[in-house]
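> next input, structure requested:
(2 chains)
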Amino acid sequence: MKSKLSSFLPQTKRFAIFALIPLAIFGVVLVLPFIRGIFLTFTNWDGFDFDRLVGFDNYAVAVQDDRFWSAMLVTFGYVIASLIAVNLVGFGLALLVTAPLRSSNVFRTFFFIPNLIGGVILGLIWQFIFGQALPTMSDNFGLPFFSDNWLLGPTTAFWAMVIVTVWQMGGYMMIIYITGLMSIEKDVLEASRIDGAGPIRTLLSIKIPLMAQAFTISMFLTIRNSFMAYDLNLALTGGGPYRTTELISLHVFKEAFGFGNFASGQSQAVLMFLVIAAAALTQVVLSKRAEVQR
Amino acid sequence: MNKKWLAAAMAAGLTVALSACAADADSDTSSAPASSGDSAACESVTEVTWLNTIKIEIRDQFLGAVDEYNAAQDCYEIVIIDYPQGEPFFSVVTPLYERGEAPVVMTALQEVPDMAERVMDWTGTDLAALAAPGSLDGANIGGKQVGIPVTAEAFGLLYNKAVLDEAGVDPEAIQSRADLEAAFEAVEATGRDALHFSGLWWSLGAHLTNVYHTTAGEDLESKLTVLDGLADGTYSLLDDPKFVDWLDTFDLLNAYTTDSATIADTDYDQGVANLAAGDVGFWFMGNWAEPNLLEATPDGSFGVMPLPTGVSAGDYGNDSISVGVPFYIMIDEEQSTENERNGAQDFLSWMLTTPEGQALWAGPIEENGMNFIPMYEGFTVSPSTYMSQDIAKYIAGGKTLEWMNSYYPAGLQDVYGYEGGQPYYDGVLDRAGYASVLEGAWVGAEKTWR
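Reported below is the predicted structural model:
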């Protein structure tokens, strides 16, 4: 008993020194508001205060909102498109800059820079590119596809969002893939070469399986970021045209603050959390299975 | 809202010359109780927070006026809480209330009913008594006077006088939709596009739809009955001949608009550029655009005329423009102290009843004024631009229509604009689809006007 206590005390002390402050901050800024947020969905909250509990009424209102489901659908489409495109581009760039090139460090920096630009500024820059730069270039040089402002058509605006997302996130994922590629032991690669494997065979049978962890992380981040995308959505398309590119976060924001439907908007936010959590967990479980234990 | 207040606003604003001498004597007595603090008598300075600067267009002028007031007395200090242009009102106000830092003064329109429980009742105050009769109705919620008006704004077809002169078009002679089409043809004959028809969501969602709602009946009650029917889900828009007339007008504008008009958010600047440069003759917009137009073309003359939707010259609304209060001023009662509320009223009394304040409120932009059309008795200053005089003519002649869009619940104009107006504008939605979006937006809405 005594020995247990004597090891427990220093442990607690160490925990207190290193983790108490971050944990307290985490609790105050994340856990408490989250719990309060869930609680508010069961009240008649009007953004200012509430005076009674209403059970699941807000959820009933929330799920009857057609716009909520169409925003959810658009979000799923956006997540899937970004997931594929961002990771293909990120992985492709990683392969490129890990190739024995003298300028690879310069390229790494260049590809990563878009990630340092905030979503809102990015949105404004690309609004100009899609709205003015590309159509003007298209008129003068006969570029196909870009003669009309992409942001004004529902389908093109959706793909415009995906393009900008790839541009923004591709470089970040590239960094993760680079670490993955670098962590592969040289002797394994050498062995495969001696066994007569070509570059494609090496990539598919050696590199990718051995760096599956990087895929798990990158895909998780892409899924999470795309599900929660807000600033880019707001600044680039504003949900337009005709609210066809309104992602779930923007929808929840509009529902609460634009329309003043705070309680049902908050319920939609909770539903959104559940969906994202489920999607992210599924992805992590599936990807973990593909990882090779060394 | 009725027309009495407009007449009264006229009496207040436009008979300036006549009342100027008499007002001198008046304003002395009325400003004395307003600045009752009397400069030396205050022990400490009370901070009074004011959310935003009413409108982005007169931001610098408003900040200038605040500085002037703060320097003119030492009882109160007006402090501006800024929030970015375009943020929804609630997204700023609710966190401030949550933190216990509610702004003392707020300005809003469609959110007024939502704020009714939290703000001061203006009934019996000096300023409410000075407000033009009827101008208070829009902010009277269940007998409580929740806000007082800032100004009146008008929207309709803005025109470039030089272009219309060249095309031989007299705006006052346009009495029906057919006349309007003939005017468009005449402008096109000069080698220009007839008009810039903005696809901006708020222009389509609030202002253009108002033209239907305000011509749906010939008096306020019958207009509100349409809203009742929509909120109950029993009103069929396509069975209403006024709605079909209005849709025909929408199509007419769409048929003659310049290609550079789009649904993009940047369209407003494009509209200013097109009308100011005389590339088009008309633009469906409001008088808030006049400073922008004059900035682009300082020696231009830009007027406003009705958007006639009826086929015959005598049809209701063909000869009138939509005039209304764009913002009401509200004072928080839940979290503010009595001293703060007094300060807010003292500032407003200074703005609205003293000669210095009035010059800043209604004077021209070039002279640091805010160019507001005065809504209070005893004003000795009034805007003098070409468009203001046009508006004054309509007001004096009783040719004004209510802003039914002030009855739209918060967010409804977004649905009207984004989900109905813009797809119809782009030809993605047909008439039936458009009508059903408009009808759907109302179902279950709270009847704040009852």
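> surely B:Gly303 is in a helix?
No. Assigned with DSSP: H, G, I helix; E, B strand; the rest coil, B:Gly303 falls outside any helix and is strand.
> contacting residues around it?
B:Leu158, B:Tyr159, B:Lys161, B:Pro171, B:Tyr386, B:Met387, B:Asp390 (CB atoms under 8 Å, 6 or more residues apart in numbering or on different chains). To be clear about C-beta, it is placed using only N, CA and C from the backbone, and glycine gets the same treatment.
> same thing with B:Trp442?
B:Trp442 neighbours (CB under 8 Å, 6+ apart): B:Leu227, B:Leu230, B:Ala231, B:Gly233, B:Leu412.
> do A:Ser104 as well
A:Leu96, A:Val97, A:Thr98.
> backbone phi and psi for it, please?
Taking degrees, to the nearest 10, you get phi -60, psi -30 for the backbone angles of A:Ser104.
> ok, back up a step: among the contacts of A:Ser104, name the buried ones.
Neighbour counting with 16 or more other CB atoms under 10 Å in any protein chain shown marks A:Val97, A:Thr98 as buried within those.
> so of the contacts of A:Ser104, which ones are in strands?
Judged by DSSP state E, strands contain none of the contacts of A:Ser104.
> dump the contacts of A:Ser104 to JSON lines, plus distance to B:Pro326 and pLDDT.
Listed next are the contacts of A:Ser104 as JSON lines, based on distance: CB to CB, whole Å; pLDDT from 0 to 100:
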{"residue": "A:Leu96", "distance to B:Pro326": "56", "pLDDT": "91"}
{"residue": "A:Val97", "distance to B:Pro326": "55", "pLDDT": "91"}
{"residue": "A:Thr98", "distance to B:Pro326": "59", "pLDDT": "89"}
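> about what we covered before: which of the contacts of B:Trp442 are buried?
B:Leu227, B:Leu230, B:Ala231, B:Leu412.
> packing partners for the helix or strand that B:Ala255 is a member of?
Using DSSP states H and E, B:Ala255 sits in helix B:241-256. Contacts defined by 3 or more CB pairs under 8 Å, 6 or more residues apart in numbering or on different chains; DSSP states H and E place helix B:241-256 against helix B:177-189, strand B:193-196, helix B:209-213, helix B:422-425, helix B:431-442.
> what's the closest of the ones you listed to A:Met182?
helix B:422-425 (49.6 Å; CB to CB).
> just list what the closest one packs against, helices and strands only.
By 3+ CB pairs under 8 Å, 6+ apart, helix B:422-425 packs against helix B:241-256, helix B:431-442.
> all the strands of chain B, residue numbers only.
B:46-51, B:76-81, B:105-108, B:140-141, B:144-145, B:148-149, B:153-160, B:193-196, B:280-286, B:302-305, B:321-324, B:328-331, B:400-401.
> got the residues of the stretch 151-294 of chain A near chain B?
A:151-152, A:154, A:238-243, A:253-254, A:256-262 (CB under 8 Å from any CB of the partner chain).
> how about 10 Å then?
A:151-154, A:234, A:237-244, A:246, A:253-262 (CB under 10 Å from any CB of the partner chain).
> for chain A, what's its nearest residue on chain B.
Residue nearest to chain A within chain B: B:Gly411 (3.3 Å; CB to the nearest CB).
> so, low pLDDT: which residues of the stretch 51-200 of chain B?
Counting by pLDDT under 70, not a single residue of the stretch 51-200 of chain B qualifies.
> would you mind listing what in it touches chain A?
So far as CB under 10 Å from any CB goes, the stretch 51-200 of chain B lies against chain A at B:86-95, B:97-98, B:102, B:110-111, B:113-115, B:117-118, B:199.
> is it possible to mark the buried ones in the residues you listed?
For these, a neighbour count by 16+ other CB under 10 Å gives the buried set as B:88-94, B:97, B:102, B:110-111, B:113-115, B:118, B:199.
> in TSV, list the strands of chain B along with distance to B:Leu294.
TSV is the format used below for those (distance: least, CB to CB, whole Å):
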stretch	distance to B:Leu294
strand B:46-51	27
strand B:76-81	26
strand B:105-108	24
strand B:140-141	35
strand B:144-145	35
strand B:148-149	24
strand B:153-160	12
strand B:193-196	17
strand B:280-286	14
strand B:302-305	7
strand B:321-324	19
strand B:328-331	27
strand B:400-401	23
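> can you say which of these is nearest to B:Tyr407?
Per CB to CB, nearest to B:Tyr407 of those: strand B:321-324, 10.4 Å.
> could you report the neighbour count for A:Val188?
14 (other CB atoms under 10 Å in any protein chain shown).
> who touches B:Asn405 in this structure?
Applying CB atoms under 10 Å, 6 or more residues apart in numbering or on different chains to B:Asn405 gives the contacts B:109-110, B:155, B:202, B:205-211, B:213-214, B:322, B:324, B:326, B:412-413, B:416.
> per-domain residue ranges of chain A.
A:2-57, A:64-293 (automatic domain parsing).
> can you tell me which of those is packed in deepest?
Highest mean neighbour count among these (mean count of other CB atoms under 10 Å in any protein chain shown): domain A:64-293, with a mean of 17.
> tell me how many other residues crowd B:Gln85.
Considering only other CB under 10 Å, B:Gln85 is surrounded by 10 other residues.
> with B:Arg450 instead?
Neighbours of B:Arg450 (other CB under 10 Å): 9.
> show me what contacts the closest residue to the residue of chain B closest to chain A other than its chain neighbours?
In space, and not counting its chain neighbours, B:Gly411 is closest to A:Phe259: 3.3 Å by CB to CB, 6 or more residues apart in numbering or on different chains. By CB under 10 Å, 6+ apart, A:Phe259 lies in contact with A:Gly265, B:Pro88, B:Phe90, B:Pro409, B:Ala410, B:Gly411, B:Leu412, B:Asp414, B:Val415.
> cool, and A:Ile129?
Taking CB under 10 Å, 6+ apart, we find A:Ile129 in contact with A:Pro135, A:Met137, A:Phe146, A:Trp150, A:Leu151, A:Ala160, A:Ile163, A:Val164.
> from the residues you listed, pick the one nearest chain B.
A:Leu151 (7.0 Å).
> circling back: okay, the contacts of A:Ile129 in JSON lines with pLDDT and distance to B:Gly343 next?
Converted to JSON lines, those look like this (pLDDT from 0 to 100; distance: CB to CB, whole Å):
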{"residue": "A:Pro135", "pLDDT": "89", "distance to B:Gly343": "52"}
{"residue": "A:Met137", "pLDDT": "89", "distance to B:Gly343": "56"}
{"residue": "A:Phe146", "pLDDT": "83", "distance to B:Gly343": "56"}
{"residue": "A:Trp150", "pLDDT": "90", "distance to B:Gly343": "51"}
{"residue": "A:Leu151", "pLDDT": "91", "distance to B:Gly343": "46"}
{"residue": "A:Ala160", "pLDDT": "94", "distance to B:Gly343": "49"}
{"residue": "A:Ile163", "pLDDT": "95", "distance to B:Gly343": "52"}
{"residue": "A:Val164", "pLDDT": "94", "distance to B:Gly343": "47"}
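> in those, find the pair that's most separated.
So, the contacts of A:Ile129 by CB to CB: farthest apart are A:Met137 and A:Val164, at 17.5 Å.
> what about the longest helix in chain A?
Looking across chain A with DSSP state H, the single longest helix is helix A:66-98.
> off-centre distance for it?
8 Å (CA atoms, centre = their mean, to the nearest Å).
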